[in-house]
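1. here is my input; please provide its structure:
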Amino acid sequence: MSTDKKCDNMDMERKDIILKLAQIRTAKGIAAHDLSLRLGKAHNYIHEMEKGKNSISLEMFLQICRELETNPKDMF
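-> Okay, the predicted model is just below:
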């Protein structure tokens, strides 16, 4: 598999994970603004992440899962 295809696959997996996090957040009735502030981030952080304008670190992914009371392994 070429490097380009690996990167494309990784981007799709990242987008799928972000989509799952967004679905969980909305299902729990948590506003993006509120989650951003609970994480100690700017008010629009989660909105920007969900729109693909910024990526998240592993640490932030785990912190978001904790705030959403979601097991990280369920994202895969």
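
2. output the below-cut-off pLDDT ranges for this structure.
-> Scanning the chain for pLDDT under 70 picks out 1-10.

3. list the residues that contact the spatially most central residue of the chain.
-> Within the chain, the residue whose C-alpha comes closest to the C-alpha centroid is residue 18; the distance, by CA atoms, centre = their mean, is 3.7 Å. Residue 18 is in contact with 49, 50, 52, 56, counting by CB atoms under 8 Å, 6 or more residues apart in numbering. (Glycine included, C-beta is placed from N, CA and C.)

4. can you say which of those are buried?
-> Among the contacts of residue 18, those buried by neighbour count (16 or more other CB atoms under 10 Å) are 49, 50, 56.

5. how about the last one: what's its closest non-neighbour residue?
-> Counting by CB to CB, 6 or more residues apart in numbering, residue 56 lies nearest to residue 49, which is 5.9 Å off, once chain neighbours are set aside.

6. before we move on, what about the second one?
-> Closest residue in space to residue 50, ignoring its immediate chain neighbours: residue 22 at 4.8 Å, by CB to CB, 6+ apart.

7. which strand or helix spans the residue lying closest to residue 64 once chain neighbours are set aside?
-> In space, not counting the residues next to it along the chain, residue 64 is nearest to residue 21; the distance is 6.0 Å by CB to CB, 6+ apart. Element membership of residue 21 [criterion: DSSP states H and E] is helix 3-27.

8. show me what the helix or strand following that helix is packed against.
-> In the C-terminal direction, the helix or strand that comes right after helix 3-27 (DSSP H and E) is helix 32-38. Here helix 32-38 touches helix 45-50, helix 58-67, going by 3 or more CB pairs under 8 Å, 6 or more residues apart in numbering; DSSP states H and E.

9. try 7 Å
-> Using 3 or more CB pairs under 7 Å, 6 or more residues apart in numbering; DSSP states H and E as the contact test, the elements touching helix 32-38 are helix 45-50.

10. how about the helix it packs on as PDB, C-alpha atoms only?
-> Coordinates of the C-alpha atoms in helix 45-50 are reproduced here as PDB (Å, rounded to 0.1, in the frame of the first residue of the first chain):
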ATOM      1  CA  TYR A  45     -12.600  24.300  20.300                       C
ATOM      2  CA  ILE A  46     -14.900  21.300  19.900                       C
ATOM      3  CA  HIS A  47     -16.900  22.900  17.100                       C
ATOM      4  CA  GLU A  48     -13.700  23.500  15.200                       C
ATOM      5  CA  MET A  49     -12.500  20.000  15.800                       C
ATOM      6  CA  GLU A  50     -15.800  18.500  14.600                       C
END
